[in-house]
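Trainee: sequence-free structure coming up:
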């Protein structure tokens, strides 16, 4: 095993242990405990099955949360991040082990995405409900556009390069920082990362360890900040953390042939629905006084 992989896995183990310790510390507080429901587990399984295939899970999970009506919108970014930590660690180990990529580029992009996620989580954890709705609605629309581009054949096809240098290297690292920050407001980084790397002539298969490695490191980094702010839903995040790993393992080891074009169009429709629903919610709620009765009580809790 190369030194870069050893270093990456060591950082993964340290961050994972820190996150787990903080999670268990919160779990000891009775008022924060909430069991994952069957729907929480099913959502985690299905959406992260798609995540293991490179489709991503943030947009689809958000869509299903919106359809179900819980958790509340301001808790969705933290729930996605906190719940996806175990999924990101599993994906990193699997894809970094299976696919070879330039170690310098891998480590640089993982570090930049983690820095972006730390900055983004610090901002999002202090944002108001309506601001989160607006940002997430716009982010989901962007994700839907990327999916439609791919389905129509306008998605960049990439190249054969397994490493980047010069301005291409710098462009990849800087954009990954931006994608890391945007991930904390509900936009997945898979599609944007693949677009950028493809435009730079990179081999798209080799993009998988970069995408997964970035997630494996930046998710616990951002997740620690959400744990400290307690701006997440315990039960739904637990559903992602447990069943999501199972979904990733199925995608990585058992499923090799799927009608990906049909699945991608379905995901695009679901993502568009989530974006519209989020923006409509932001439009209806311009200030807390517009939320009445039990709905207001649930949102302010």
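Mentor: Yep, that arrived. The shown structure was predicted, so the numbers you read here are calculated from the model rather than taken from an experiment.

Trainee: So which other helices or strands are in contact with the helix or strand harbouring residue 88?
Mentor: Assigned by DSSP states H and E, residue 88 falls within helix 85-98. On a contact count with 3 or more CB pairs under 8 Å, 6 or more residues apart in numbering; DSSP states H and E, helix 85-98 meets helix 3-27, helix 38-52, helix 207-229, helix 234-253. C-betas here are computed from N, CA, C, even on glycine.

Trainee: which stretches of the stretch 151-300 of the chain have low pLDDT?
Mentor: 155-158, 186-188, 254-264, 266, 285-300 (pLDDT under 70).

Trainee: again, 90 this time
Mentor: By pLDDT under 90, the low-scoring segments of the stretch 151-300 of the chain are 151-163, 165, 178-219, 221-231, 249-300.

Trainee: Show me which of the helices and strands packed on helix 85-98 has the highest average neighbour count.
Mentor: Mean neighbour count (mean count of other CB atoms under 10 Å) peaks for helix 207-229 among the helices and strands packed on helix 85-98, with a mean of 26.

Trainee: If you count contacts, what does that helix end up packed against?
Mentor: helix 3-27, helix 76-83, helix 85-98, helix 103-124, helix 166-183, helix 190-199.

Trainee: what about that helix, distance to the chain center?
Mentor: Here the centre of helix 207-229 is set off from its chain's centre by 8 Å, with CA atoms, centre = their mean, to the nearest Å.

Trainee: swap in stretch 39-48?
Mentor: 14 Å.

Trainee: Could you do stretch 162-170 as well?
Mentor: With CA atoms, centre = their mean as the basis, stretch 162-170 stands 25 Å off its chain's centre.

Trainee: That stretch: which residues count as buried?
Mentor: By neighbour count with 16 or more other CB atoms under 10 Å, stretch 162-170 contains the buried residues 164, 168-169.

Trainee: Now distance to residue 283 too, for the residues you listed, in TSV please.
Mentor: Output for the buried residues of stretch 162-170, formatted as TSV (distance: CB to CB, whole Å):
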residue	distance to residue 283
164	42
168	41
169	42
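
Trainee: Cheers, nothing more for now.
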